[in-house]
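S.K.: this one's sequence-less:
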C-alpha cells in the first residue's frame, strides 16, 4: 500500500518511478541523511514525515555502532557511527560542550530501540570542575539536544540504559534518568566509592566493578544493582576476581576480554560463580590495539580498538547433552573491519550499539 494517499500525491517522488517504489528507495537512505533528504523537495518532505513512512523506517532499522573517541594528538572529541553491514562510517555533529574538557570524564549510555545516545557529566580540563550537563543524540534527527542536567555534576562515572531509563553510578551515588519526563531521581546509594567504574547490564541488572587495577595489591570490589527493586548486593567473589578486562553483555551472559597476553575471552557462569574461556577463533590481537571499548547486542559483541578498528564477535552456544546436562559450550568467531585512514589517529572512550 502506498504511504501517501492518492489524493495527496501531486508530485512524483522520483521521476519515472511509481511513488510506492520511490518510497522504498527513500526508506533505504542511510539514517544520517534522512533530515537532508527532507529538504530536497516538498514531496520528499511529506513522504519522509508521513507516519506510515516513520513506522516502516523503524521496522527496517538495523544496528549501528556509535563510537565516542578522542584524537590522540589534539584531544579533539568526536562521535562517529559505523554501519556494520556496509562498513561505512558517518561522523556525527559535534556535541554542544565547552572547548576545554577531559575526554575520559564522561559517561555514555544508550536506549537502543529508541535510537538515543546519552552523554552525561564530565570533567573540565582543569581536572577539578565537574560538569552537570546531560546531552542526548537522536538518530531520527541526527542532532544533539540538552537534557536535564545530572544533579550536582559528576565526572568519571558510569551509565547504562536499563529498561528504558538511564542509570548513572559514581561518587557513592545512583541517579536514574526518566526520558519521558526529562527528570532525574535518586536511587539507592552504593555506599562506597570505587577506584573506577566498569559496568555492564544483563536482564535489568547493572553489574559494577572496579576490576583489577595497579598495583594489584587489593582484590577488586563489585556490586550488582537491581533497578526495579532499587537495591544493591555485593557481586560474587568469583565474578569479581575473574573480571580481568573489558566486560560486555551478550545473549544474556557476561563476557570479559582479558587485558593480558592474546586477550582471551571468558564467559561467566553465574550458577557456579566461575569464569571459563570461550572456544573458537582467537581474539584478533594483531589488528586490535589497546585500549578497547566493547558493547553487545543479541548474539554479537562489538569491540573497538585504538585506531578505531572494529572486531565483531559472533557467539554460538552449543548444548553438550540432553536437557543441557552435559553443559553448554560457548564459541566465538571474529570479523575485523579496519578503520578508514581519517580515523586511525583516534582512540575510543566508549561505544554503543543503537538501532537507526
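M.R.: Yep, it's here. The shown structure was predicted, so the numbers you read here are calculated from the model rather than taken from an experiment.

S.K.: Now do the closest residue in space to residue 11 that isn't next to it in sequence against residue 188, distance only.
M.R.: Nearest non-adjacent residue to residue 11, counting by C-beta to C-beta, 6 or more residues apart in numbering: residue 43, 3.9 Å away. The way it works is simple: take the backbone N, C-alpha and C, and place the C-beta from them, glycine included. With distances taken as C-beta to C-beta, to the nearest Å, residue 43 is found 53 Å from residue 188.

S.K.: Compare neighbour counts for the two and give me the winner.
M.R.: Neighbour count, other C-beta atoms under 10 Å: between residue 43 and residue 188, residue 43 has more, with 18 against 14.

S.K.: List the contacts of stretch 81-100.
M.R.: Residues outside stretch 81-100 that contact it (C-beta atoms under 8 Å, 6 or more residues apart in numbering) are 30, 32, 62-67, 77-80, 119, 122, 124-126, 131, 133, 135, 137, 142-144, 146, 302, 310, 312, 337, 339-340, 343, 356.

S.K.: Would you write a PyMOL line that selects the buried entries of those residues?
M.R.: In PyMOL syntax, the buried subset of these is picked out as below (16 or more other C-beta atoms under 10 Å):
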select buried, resi 32+63+64+65+66+67+77+78+79+80+119+122+131+133+135+137+142+144+302+310+312+337+339+343+356
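
S.K.: Helix or strand: which one has the residue nearest to residue 11?
M.R.: Assigned by DSSP states H and E, residue 43 falls within helix 42-49.

S.K.: Buried residues of that helix, list them for me.
M.R.: 43, 44, 46, 47, 48.

S.K.: which one is residue 108 nearest to, not counting chain neighbours?
M.R.: residue 350 (3.9 Å).

S.K.: Give me the pLDDT value at residue 356.
M.R.: The model reports residue 356 with a pLDDT of 89.

S.K.: Check whether it really touches residue 58, as I assumed.
M.R.: No. Residue 356 is not in contact with residue 58 according to C-beta atoms under 8 Å; the separation is 9.9 Å.

S.K.: Any stretches of this protein with poor pLDDT?
M.R.: Scanning the chain for pLDDT under 70 picks out 1-10, 60, 127, 214-215, 320-326.

S.K.: can you map out the helices along it?
M.R.: 19-27, 34-38, 42-49, 51-60, 237-242 (DSSP state H).

S.K.: Dump those helices into CSV; add distance to residue 165 as well.
M.R.: CSV is the format used below for the helices of the chain (distance: least, C-beta to C-beta, whole Å):
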stretch, distance to residue 165
helix 19-27, 30
helix 34-38, 27
helix 42-49, 28
helix 51-60, 20
helix 237-242, 24
